[in-house]
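**Student:** Generate coordinates for the sequence data below:
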Amino acid sequence: MKGGIAVVTIFLLSGCFGFAQDGPVVGGVPQEAETRFVEKPDDLRVETWIEGLVAPWSLVFLPDGRALVSERPGRIRLIRGGELVDEPYLQLDVAAIGEGGLMGLAVHPDFPEVPYIFGMYTYREGGELYNRVQRFRDRGNRAEPGKILIDRIPGSRYHDGGRLGFGPDGMLYATAGENFRAQRAQNRDVLAGSILRVAPDGSIPQDNPFSDSPIWSYGHRNPQGLAWHPETGDLFSSEHGPSGEFGLRGHDIVNVIEKGKNYGWPRAVGAAGLPEYEDPLIMWKPATPPAGMTFWRGKLYLATLGSETLMRIGLISRGGGKYQVTSIEGLFASSRHDSVYGRLRAAVVGRDGALYVLTSNRDGRGNPREGDDKILRITPR
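**Tutor:** Next comes the predicted model:
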């Protein structure tokens, strides 16, 4: 009887969340390098830069030395002279429900001549949750709300994506999750399970792959990080793998993103080798959930949530968007879930050349430590 109940439960969940009934093709791990944990890397120095934050999500630096950090409940906080300003730079009315709320930030590439900050957040309308990307005008100690660039991106308690970033092409990229409705990732008629690309004014670039659509790539489950290789200009994205769908867990990935390509979810997981889908560059079978990432000092640094480690990844470019993974180190942890700083949300390079990392222990899923949440400043020894 218990087996019958389990089958019925899986069937009902599959119908509710839009999972494919036959499940994905599951491939293997694409990289040869294995993750090696390093609790105390002897080549790095770590200090606490800012503390006392609530679920920080994104950090950006301005040319005049100011910095802005988003807190998921709806506040953008200003950091001036290395000190957190008490009064919010901007307070937004957001739906901070589950994984939703105020998420990514980005700065116009021509700032301060073009004094715009961009944010992505979840809101409620008519009982439904949506995400939007909006532009704000910088006024020094505060910002003024401005034009909405992308609206009514499907939202949910789960899988909202939320990362923003300007590419070397001057276009604004945004990640959109599939809201735990897997089939949305294969439907280009909805802005879910995708990486989106628009001009800084919100218009759709003529060289986007699909006519009159901001979709740049699709087949994503919950993309959480964006980073451009400093030499090749290739776009990398981090993405959460399944957390129970089709009986699968883990399988978290890093992709190299190409224009118009389909990254497989929910039809393919891992290096499935199917010609219609792109295989990931990296996959971790144990649950790792990766978040924000950046290139620093020749390597890719990736903040992770579930495994509570800063992944340091060595890469060799093989040309044509192909890379070889030479090493993976899980910094500041002796093993998965046994870490120094807990959950990590983002890694960002500051204008001083240091690496800044956001903790995420007050997001409802972590165990807050003294001073959490924090921004860590990391420099080479």
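**Student:** Next, name the residue at the spatial heart of the protein.
**Tutor:** Gln224 (1.7 Å; Cα atoms, centre = their mean).
**Student:** for the residue nearest to that one when sequence neighbours are not counted, helix, strand, or coil?
**Tutor:** Once flanking residues are discounted, Gln224 sits nearest to Ala291: 4.6 Å by Cβ to Cβ, 6 or more residues apart in numbering. In this view, the C-beta of every residue, glycine as well, is placed from N, C-alpha and C. The three-state label given to Ala291 by DSSP: H, G, I helix; E, B strand; the rest coil is strand.
**Student:** correct me, but Ala291 touches Ser238?
**Tutor:** Yes: contact criterion Cβ atoms under 8 Å: Ala291 and Ser238 qualify, at 6.7 Å.
**Student:** who's more crowded, the two?
**Tutor:** Ser238 (29 against 23; other Cβ atoms under 10 Å).
**Student:** Dihedrals phi and psi, the closest residue to Arg157 other than its chain neighbours?
**Tutor:** When the adjacent residues along the chain are set aside, Arg157 lies closest to Gly98, with 3.1 Å between them (Cβ to Cβ, 6+ apart). Dihedral pair for Gly98: phi 60, psi -120, per degrees, to the nearest 10.
**Student:** How about the contacts made by Gly98?
**Tutor:** If a contact means Cβ atoms under 8 Å, 6 or more residues apart in numbering, then Gly98 has Ser156, Arg157, Tyr158 as its contacts.
**Student:** Helix, strand or coil: sort out the last one for me.
**Tutor:** Reducing the assignment to helix, strand or coil with three-state DSSP, the entry for Tyr158 is coil.
**Student:** Residues in a beta bridge with the closest residue to Thr35 other than its chain neighbours, which ones?
**Tutor:** Spatial nearest neighbour of Thr35, chain neighbours left out: Ile328 (4.6 Å); criterion: Cβ to Cβ, 6+ apart. Taking DSSP bridges as the rule, Ile328 bridges to Thr35, Ile313.
**Student:** for Tyr173, same thing?
**Tutor:** With DSSP bridges as the rule, Tyr173 is bridged to Gly165, Arg197.
**Student:** That one: what's it in contact with?
**Tutor:** Leu164, Gly165, Phe166, Gly167, Ile195, Leu196, Arg197, Trp216, Leu226, Leu235.
**Student:** Quickly note the distance from it to Ser217.
**Tutor:** Tyr173 sits 10 Å away from Ser217 when distances are taken as Cβ to Cβ, to the nearest Å.
**Student:** in the protein, what spans have low per-residue confidence?
**Tutor:** 1-21 (pLDDT under 70).
**Student:** now the helices for it?
**Tutor:** Under the criterion DSSP state H, the chain contains helices at 2-17.
**Student:** you'd agree the residue nearest to the centre of the chain is up against Asp160?
**Tutor:** No: using Cβ under 8 Å as the test, Gln224 is too far from Asp160 to be in contact (9.6 Å).
**Student:** Return the residues in contact with Pro275.
**Tutor:** Pro275 touches nothing, counting by Cβ under 8 Å, 6+ apart.
**Student:** ranges for the strands of the stretch 1-150 of the chain?
**Tutor:** Using DSSP state E, counting those that start in this stretch, the strands of the stretch 1-150 of the chain run over 25-26, 35-38, 44-50, 56-61, 67-71, 75-80, 83-84, 90-91, 102-107, 116-125, 128-138, 143-154.
**Student:** Tell me which strands the first one pairs with, and in which orientation.
**Tutor:** Strand 25-26 sits in its sheet next to strand 268-269 (parallel), going by DSSP bridges.
**Student:** Next one: the residue nearest to Asp42 when sequence neighbours are not counted from Pro41, what distance?
**Tutor:** Leaving aside its sequence neighbours, Asp42 sits nearest to Arg381 (Cβ to Cβ, 6+ apart; 6.9 Å). Note on Arg381: its distance to Pro41, by Cβ to Cβ, is 9 Å.
**Student:** neighbour-wise, which of these two wins?
**Tutor:** Ranked by neighbour count (other Cβ under 10 Å), Arg381 and Pro41 place Pro41 first, with 15 against 7.
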